[in-house]
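[1] sequence and computational prediction follow.
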Amino acid sequence: MAGSSHGHTPAAWTGVIIAFIGFCVAGAFTVMAQPLGFWAGLVIVVLGGVVGMIMRSMGLGQPKGTGQITHLTATTTREPVTAES
């Protein structure tokens, strides 16, 4: 993934941070046995995805067609590894 810049955009970072905060909120309210707070945390998680998509549509995400992974081929050939006895 390092060669494709996958997720290195303001839209991706913002969406993930908001979703992470929602996950933490839901986890904390799960431990406290408060169902309403748990569901509020899940709403925040979904909100992170929505904010990320909105930011991508505003042009702050990765442009279409640039996320393709290219595989590099080695020009040298390697010999097979043999076990020594």
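    Received it, and whenever you're ready, just let me know what you need.

[2] every contact and neighbour count from this point should use C-alpha atoms.
    Will do.

[3] mind checking how far residue 34 is from residue 26?
    Using CA to CA, to the nearest Å, we find residue 34 at a distance of 9 Å from residue 26.

[4] actually, residue 38.
    From residue 38 to residue 26 the distance is 4 Å (CA to CA).

[5] cool, and residue 63?
    Taking CA to CA, one finds residue 63 at 32 Å from residue 26.

[6] more crowded one of these two?
    Using other CA atoms under 10 Å as the criterion, residue 63 and residue 26 rank with residue 26 on top: 24 against 11.

[7] surely the more buried one touches residue 42?
    Yes: in this structure residue 26 lies within contact range of residue 42 using CA atoms under 8 Å: 6.2 Å.

[8] any stretches of this protein with poor pLDDT?
    By pLDDT under 70, the weakly predicted segments of the chain are 1-7, 65-80, 85.

[9] could you pull out the helices for it?
    10-31, 35-55 (DSSP state H).

[10] what angle separates the first one from helix 35-55?
    Counting by axes from the mean of the first three to the mean of the last three CA atoms, to 10 degrees, helix 10-31 points 180 degrees away from the direction of helix 35-55.

[11] how far does stretch 17-29 sit from its chain's centre?
    15 Å (CA atoms, centre = their mean, to the nearest Å).

[12] got the CA positions of it in PDB?
    Taking C-alpha atoms only, stretch 17-29 is exported to PDB below (Å, rounded to 0.1, in the frame of the first residue of the first chain):
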ATOM      1  CA  ILE A  17     -10.300  10.300  13.600                       C
ATOM      2  CA  ILE A  18     -14.000  10.900  14.000                       C
ATOM      3  CA  ALA A  19     -14.800   7.200  13.700                       C
ATOM      4  CA  PHE A  20     -12.100   6.400  16.300                       C
ATOM      5  CA  ILE A  21     -13.500   8.900  18.700                       C
ATOM      6  CA  GLY A  22     -17.000   7.300  18.200                       C
ATOM      7  CA  PHE A  23     -15.500   3.900  18.800                       C
ATOM      8  CA  CYS A  24     -13.900   5.100  22.100                       C
ATOM      9  CA  VAL A  25     -17.200   6.700  23.200                       C
ATOM     10  CA  ALA A  26     -19.100   3.500  22.400                       C
ATOM     11  CA  GLY A  27     -16.600   1.400  24.300                       C
ATOM     12  CA  ALA A  28     -16.600   3.600  27.300                       C
ATOM     13  CA  PHE A  29     -20.400   3.600  27.500                       C
END
